[in-house]
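K.L.:
Next one to model:
(chains A and B)
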Amino acid sequence: MNPKRISYIFRQAFKSMWRNRMMGFASISSVTAVLIILGFVLIIVLNVNNLAMVAKETFDQIAVYIEEGTEDEQIEEMGRSFRQIDGVMGVAYQTKDYALERVKEDWGEDAVYLQDLRNNPFPNTYIVQLSDVSKSDEVIAKIETFEGVDEVRYYQEAVNTLIKMADFVKKFGAGIIIALLLISVFIISNTIKITVLSRQREIELMQYIGATNGYVRGPFILEGIMLGLLGSVLAILLIMLGYNYTINYLAGRYVALISGMSGYLVGVEMVLDDLIIIFLTIGIGIGILGSLISLKKFLSV
Amino acid sequence: MIEFNDVTKIYKKTFTAVKDINLKIDKGEFIFIVGKSGAGKSTLIKLLLREISPTEGIITYNKQDINKIRKRSVAEYRRHIGFIFQDYRLLPKMTVYENIAFAMEMICCQAKSIRREVPLVLSMVGLSDKAKYYPDELSGGEQQRVAIARAVVNKPETVIADEPTGNLDIETSKEIMKILSEINKRGTTVIMATHDREIVNHFHRRVVELKNGIIIRDIKAGGYNNEPEED
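P.N.:
Below you'll find the predicted structure:
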């Protein structure tokens, strides 16, 4: 490609964008709209994902209930053995009396209902602190082999639910994103088709004059690229502003929630780089694809 | 320079548009292709532009079989030919000057040579003073003159005109013909499809007459209605 040709293609693309500015505006808006929805899905997926990750890190304790009537010596022996298990950071013993006391404290005035209990229903418990959450399954399996262990409780279910949720959102999000991409390619190709149709005579003429396909296609493809690019830049700006605003709004409104969740929410600056790359790639890709689809029909003369 | 050898074009396997065409056109000739609408004039032109391919036979341009030109080289081939349409096909959002410059930009040409050549062809067709006008501010005859200027600005070897006077009155048509003759005098081959008897008879040139897709007459210099037909 020589510079003359490139300059021609650029001039043509800009001219045509200006001439068809209303259509161009529609195309840019459609790209922006699609990308914003895409951005929302991405951000939600990221946040749920992050939430699951953080939760997984937080739930790093295993409660081991000890059978009624186990000898104190044996209990002490168990504690020592638990400490030896790979993946265990520390062990804390909690007697059944202590457990009852804590519940009474928690219940406050309602604790009167506990007065009538003939037996303390709480078991003696070891709280096992994990050093490595990923080894939780192995640790649990080992602990369960000990004599005197009644039950092992791990907040795995909660974590699993979260992970499943994240998975679902991811798959659901991926589905939406694919659907949206197809829709946006369709919209752009239609828009470019309208541009191409409105310039069909020009294209025909170019082909009669003997313009090469590069000349014929170039301006349209560039126009598609520019439309996609502008749409994605606009979407990036809007997402940035919108996301920041949302976080600030939540922070102002639900201070407690946010302070508790600050670790769970992904800040806009953390996703911005990826978002920019994703949006620009997709925007430009949509533009090129849309142009090519529309041009395919018109290059047969 | 241009040769049709036993060329037949059948559309959709049933409709024979032209049949067994044998035609030789030399460089620098001026040739009318006449016949009623549906006689096969347009098909002949489309074949020559390689818009369509013949069902049978061979068309050569400068001894090259044009249907053996690869798809990507068709554009190259068409640069040998300047094409003039019945309906002018000027781009409405461009001025006269831009319309002509467009044809140059499309295939070559530095801005400098565009600035030099466009005024030259404009003066040849007598529209130097209309360079900044838009097509819809011009009369039909003027628009066709712009279209002619656009067709010749790249100095093609051959100019093909498809009913160039079809939408014009006789006086304006004669002006157009004068310009085409002038172009021909400079050595360009001119092929003009028309059903305008008056024009053909006014200019004594080679006439190839088509009827139902067959060449029924090929006269060196003659008219269209020498032997009035009955049908």
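
K.L.:
Contact residues of chain B facing chain A?
P.N.:
Within chain B, the positions adjacent to chain A are B:49, B:51, B:72, B:75-79, B:81, B:83, B:89, B:91, B:93, B:102-103, B:105-107, B:110, B:154 by CB under 8 Å from any CB of the partner chain. Quick note: C-beta positions are derived from backbone N, CA and C, even for glycine.

K.L.:
again, 7 Å this time
P.N.:
By the rule CB under 7 Å from any CB of the partner chain, the part of chain B lying against chain A is B:51, B:72, B:75-76, B:78-79, B:83, B:89, B:91, B:93, B:103, B:105-107, B:110.

K.L.:
From those, which land in strands?
P.N.:
B:Phe83 (DSSP state E).

K.L.:
Most neighbours among the residues of chain B next to chain A, which one is it?
P.N.:
B:Ala103 (28 neighbours; other CB atoms under 10 Å in any protein chain shown).

K.L.:
show me the contacts for that one.
P.N.:
Each residue near B:Ala103 by CB atoms under 7 Å, 6 or more residues apart in numbering or on different chains is listed here: A:209, B:150, B:153-154.

K.L.:
Kindly list the longest helix within chain B.
P.N.:
For chain B, the longest helix by residue count, based on DSSP state H, is helix B:170-185.

K.L.:
Taking helix B:170-185 as reference, get the angle to the following helix or strand past it.
P.N.:
Reading on from helix B:170-185 to the C-terminus, the next helix or strand found by DSSP states H and E is strand B:189-194. Relative orientation of strand B:189-194 versus helix B:170-185 (axes from the mean of the first three to the mean of the last three CA atoms, to 10 degrees): 160 degrees.

K.L.:
contact partners of strand B:189-194?
P.N.:
With CB under 7 Å, 6+ apart as the test, strand B:189-194 has contacts from B:1, B:25, B:27-34, B:41, B:45, B:157-165, B:180, B:183-184, B:200.

K.L.:
returning to that earlier point: packing partners of the longest helix of chain B?
P.N.:
The helices and strands touching helix B:170-185, judged by 3 or more CB pairs under 7 Å, 6 or more residues apart in numbering or on different chains; DSSP states H and E, are helix B:140-152, strand B:189-194, helix B:197-202.

K.L.:
now with 8 Å?
P.N.:
strand B:30-34, helix B:140-152, strand B:158-162, strand B:189-194, helix B:197-202 (3 or more CB pairs under 8 Å, 6 or more residues apart in numbering or on different chains; DSSP states H and E).

K.L.:
residues touching residue 199, list them.
P.N.:
Unless you meant another one, I'm taking chain A. By CB atoms under 8 Å, 6 or more residues apart in numbering or on different chains, the contact list for A:Arg199 reads A:Ser16.

K.L.:
looking at chain B here, not the other one
P.N.:
B:165, B:170, B:173-174, B:177 are the contacts of B:Ile199 under CB under 8 Å, 6+ apart.

K.L.:
and with 10 Å instead?
P.N.:
Remark: with contacts taken as CB atoms under 10 Å, 6 or more residues apart in numbering or on different chains, B:Ile199 is in contact with B:32, B:34, B:164-165, B:168, B:170, B:173-174, B:176-177, B:192, B:224.

K.L.:
Pretty sure B:Lys220 sits in a strand.
P.N.:
Yes: under DSSP: H, G, I helix; E, B strand; the rest coil, B:Lys220 sits within a strand.

K.L.:
is it fair to say A:Met89 lies in a helix?
P.N.:
No: per three-state DSSP, A:Met89 lies outside any helix segment and is strand.

K.L.:
Now the residue lying closest to it once chain neighbours are set aside: phi and psi?
P.N.:
Excluding its sequence neighbours, the residue lying closest to A:Met89 (CB to CB, 6 or more residues apart in numbering or on different chains) is A:Ser131, at 3.8 Å. With angles defined as degrees, to the nearest 10, A:Ser131 sits at phi -90, psi -30.

K.L.:
now swap in B:Ser53 and tell me
P.N.:
Dihedral angles (degrees, to the nearest 10) for B:Ser53: phi -110, psi 150.

K.L.:
Just the pLDDT for it.
P.N.:
pLDDT for B:Ser53: 93.

K.L.:
residues near the closest residue to it other than its chain neighbours, how many?
P.N.:
Closest residue to B:Ser53 apart from its sequence neighbours, by CB to CB, 6+ apart: B:Asn67 at 5.1 Å. Residues near B:Asn67, counting by other CB under 10 Å, number 14.

K.L.:
List the contacts of B:Asn67.
P.N.:
Residues in contact with B:Asn67 (CB under 10 Å, 6+ apart) are B:47, B:50, B:52-54, B:57-60.

K.L.:
Quickly check the residues you listed for the two that are furthest apart.
P.N.:
Greatest spacing in the contacts of B:Asn67, by CB to CB: B:Ile52 and B:Thr60 (16.3 Å).

K.L.:
B:Ser73 and B:Ile66: what is the separation?
P.N.:
Separation of B:Ser73 from B:Ile66 (CB to CB, to the nearest Å): 10 Å.

K.L.:
More neighbours: the two, which one.
P.N.:
With neighbours defined as other CB under 10 Å, B:Ser73 and B:Ile66 compare such that B:Ile66 has more, 20 against 11.

K.L.:
Phi, psi for the more buried one please.
P.N.:
According to degrees, to the nearest 10, B:Ile66 has phi -70, psi -20.

K.L.:
Next one: it relative to chain A, how far apart?
P.N.:
From B:Ile66 across to chain A, the span is 13 Å (CB to the nearest CB, to the nearest Å).

K.L.:
Cross-check the contact I'm expecting between that residue and B:Leu47.
P.N.:
Yes: contact criterion CB atoms under 10 Å: B:Ile66 and B:Leu47 qualify, at 8.5 Å.

K.L.:
Can you name the residues of chain A sitting close to chain B?
P.N.:
Residues of chain A found near chain B (CB under 10 Å from any CB of the partner chain) are A:4-5, A:7-8, A:11-12, A:15-16, A:19, A:199, A:201-202, A:204-216, A:299-301.

K.L.:
which residues sit in contact with residue 172?
P.N.:
Going with chain A. Contact partners of A:Phe172, counting by CB under 10 Å, 6+ apart, are A:41, A:44-45.

K.L.:
meant chain B, my bad for not saying
P.N.:
With contact set as CB under 10 Å, 6+ apart, B:Thr172 has these partners: B:139-142, B:144-145, B:165.

K.L.:
need the residues you listed in a markdown table with pLDDT, neighbour count and distance to A:Leu237, can you?
P.N.:
Shown next, in a markdown table, are the contacts of B:Thr172 (pLDDT from 0 to 100; neighbours: other CB atoms under 10 Å in any protein chain shown; distance: CB to CB, whole Å):
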| residue | pLDDT | neighbour count | distance to A:Leu237 |
| --- | --- | --- | --- |
| B:Ser139 | 95 | 10 | 51 |
| B:Gly140 | 94 | 15 | 51 |
| B:Gly141 | 94 | 18 | 54 |
| B:Glu142 | 96 | 20 | 49 |
| B:Gln144 | 95 | 29 | 51 |
| B:Arg145 | 96 | 25 | 51 |
| B:Thr165 | 93 | 24 | 57 |
